[in-house]
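Chemist: What follows is a predicted protein model with its sequence.
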Amino acid sequence: MAESQSNNLFVTLLTSCKVPVAIELHFARYYSVFPLRYIKPIYNKEEQQNLRISNEIKEIIHKSVKPATTTDTCSIFYDDIVNQFTNYIMRKGNKQLARSLLQETFETIKIIQLQHYHKADSSQKSNIELDPKIIFINAIENVTPILELKYHKKGGINYKIPVAISENRAKFVAMNWLIQAAKNKEKSMHFPQQLAKELIDAFYKRGRVIMKKHDLHKECDANRAYAHFRWLKR
């Protein structure tokens with residue numbers, strides 16, 4: 001009886017003690033079960049071959065390696081950008097739905113481009129791209145910004161500071177722009193159809209997302225006088 005009461009008291013104390021959010025965030029990076037000496041797995045055969053040719057494999061051959069995740073694969077059909085875009089589309093962990101939406105988008109792109117191909121003259125057919133994956137990758141590259149705006153408050157005034165954007169951040173912004181543009185559609189049009197239209201427009205350097213990128217760069221250029229404040233944002 002006394003032991004059960006002490007256990008209940010111990011549980012009550014544990015549940016009543018709340019760890020501050022700042023401490024949780026500080027120690028979040030230490031939650032991994034693998035020590036820092038473990039390196040990431042190299043599962044791509046081309047990367048492995050390049051390491052053998054450059055003899056860099058000798059430096060890591062005896063190091064401990066983390067296990068590959070369930071999404072890591074060396075399949076020729078795997079593409080890191082496609083997988084990343086799928087994760088951005090995904091909502092509430094439903095990755096199967098996100099994959100089906102992107103697959104339907106690729107099919108729609110293929111149908112649209114084939115229609116243009118058969119309607120075009122023989123001299124123009126060579127300029128029409130039919131591969132949805134090439135259109136997808138080039139569309140993301142065309143809408144990727146090279147600058148972004150940060151805000152800094154000084155003397156009660158918010159200044160817009162143009163700063164260089166990192167590669168990962170730029171890819172995220174470009175993909176997010178395309179997804180948000182596809183969501184801003186008519187009710188009668190499905191998401192894959194609108195996304196296919198936005199990707200084709202971005203591939204040919206036109207459309208709403210391209211204009212959004214140009215507007216951002218123009219705004220960065222208009223605020224270039226405050227570029228010296230960028231040292232304060234580090």
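Modeler: Cool, the structure landed. Computed from a predicted model, the values in this text were never measured in an experiment.
Chemist: Just the buried positions in the lengthiest helix in the chain, please.
Modeler: Secondary structure of the chain per DSSP state H: the longest helix is helix 95-119. Judged by neighbour count (16 or more other C-beta atoms under 10 Å), helix 95-119 contains these buried residues: 98, 101-102, 104-106, 108-109, 112-113. Just so you know, the C-beta spots here come from the backbone N, C-alpha and C atoms, and that holds for glycine as well.
Chemist: which phi and psi does the residue nearest the centre of the chain have?
Modeler: With distances taken as C-alpha atoms, centre = their mean, the residue of the chain nearest its centroid is Phe172 (4.0 Å). The phi/psi pair for Phe172 (degrees, to the nearest 10) reads phi -60, psi -40.
Chemist: so what's it up against?
Modeler: Tyr88 (C-beta atoms under 8 Å, 6 or more residues apart in numbering).
Chemist: That one and Val143: what is the separation?
Modeler: 12 Å (C-beta to C-beta, to the nearest Å).
Chemist: Likewise for Met211?
Modeler: Separation of Met211 from Val143 (C-beta to C-beta): 10 Å.
Chemist: And for Leu216?
Modeler: Taken as C-beta to C-beta, the span from Leu216 to Val143 is 10 Å.
Chemist: And Leu9, what's its pLDDT?
Modeler: Leu9 is assigned 45 on the pLDDT scale.
Chemist: Likewise for Ala68?
Modeler: Value for Ala68, per-residue pLDDT: 81.
Chemist: Repeat that for Pro20.
Modeler: For Pro20, pLDDT reads 49.
Chemist: And Gly155, by the same measure?
Modeler: Confidence at Gly155, expressed as pLDDT, is 78.
Chemist: Quick one: residues contacting it.
Modeler: Contacts for Gly155 were tallied using C-beta under 8 Å, 6+ apart; there are none.
Chemist: cool, and the one 10 residues further on?
Modeler: For Ile165, the contacting residues are 145-148, 173, by C-beta under 8 Å, 6+ apart.
Chemist: Which of those residues fall in helices?
Modeler: Among those, the members found in helices (DSSP H) are Val173.
Chemist: From the contacts of Ile165, list just the buried residues.
Modeler: Buried by 16+ other C-beta under 10 Å: 145, 147-148, 173, out of the contacts of Ile165.
Chemist: so which of the residues you listed comes closest to Ile42?
Modeler: Val173 (28.5 Å; C-beta to C-beta).
Chemist: Report the separation between the nearest residue to Val173 once chain neighbours are set aside and Ile137.
Modeler: Nearest non-adjacent residue to Val173, counting by C-beta to C-beta, 6 or more residues apart in numbering: Pro145, 6.0 Å away. Per C-beta to C-beta, Pro145 is found 17 Å from Ile137.
Chemist: what do you get for Gln193?
Modeler: From Gln193 to Ile137 the distance is 20 Å (C-beta to C-beta).
Chemist: can you check Glu46 too?
Modeler: The value you get for Glu46 to Ile137, if C-beta to C-beta is used, is 17 Å.
Chemist: Show me how far the host helix or strand of Ile137 is from its chain's centre.
Modeler: Secondary structure from DSSP states H and E places Ile137 in helix 132-143. Mean-position distance between helix 132-143 and its chain equals 14 Å (C-alpha atoms, centre = their mean, to the nearest Å).
Chemist: Thanks a lot, see you next time.
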